[in-house]
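K.L.:
Sequence first, predicted model second:
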Amino acid sequence: MYIMLGDRGDGEIMIIWINGTFGVGKTTAAKGLQNRIPESVIFDPESVGQLLREQIPSTRMYGDFQDEPLWRELTRMLLEQSDQSGERTMIVPMTVTNPVYFDEIVGELRRRGTSSIMFH
């Protein structure tokens, strides 16, 4: 499944979120899209998780970085900042299985005005 946040038709940023089961080929699909969409970039929320693992003491870090509220907030904030810059298409290959977490990121982006979401 992928979720597309935006295609405003006015040249502004689009965020394409590729969400699917582990090992299904999200990163491969993201790289294929990147090759086809000029000036697009892959944004990998796992790098945000790795940063938190390195910077937050292990006593505070959850087993799965997605359980860390700061991961969800930073991921949303970084995507939102990219959306506000209007410079390029962001492709996000990331599995988020918890619907509450998904809503905290994607739902909140929509509530804050990052265009409509289409499910395919």
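P.N.:
Thanks, I have the structure now. Residues are numbered from 1 along each chain as shown.
K.L.:
And the nearest residue to S82 once chain neighbours are set aside, its phi and psi?
P.N.:
Spatial nearest neighbour of S82, chain neighbours left out: M90 (5.2 Å); criterion: CB to CB, 6 or more residues apart in numbering. C-betas here are computed from N, CA, C, even on glycine. With angles defined as degrees, to the nearest 10, M90 sits at phi -100, psi 130.
K.L.:
Begin at 509 from now on, thanks
P.N.:
Done: numbering now begins at 509, and the last item shifts to M598.
K.L.:
who's M598 bridged to?
P.N.:
M598 forms beta bridges with I523, V549, as assigned by DSSP bridges.
K.L.:
Can you give me the pLDDT of it?
P.N.:
We have a pLDDT of 85 for M598.
K.L.:
Also the one 4 residues further on?
P.N.:
At M602, the model reports a pLDDT of 90.
K.L.:
That one: neighbour count?
P.N.:
When neighbours are counted by other CB atoms under 10 Å, M602 registers 21.
K.L.:
ok so, going back, how close does the residue nearest to S590 sit to G621?
P.N.:
16 Å (CB to CB, to the nearest Å).
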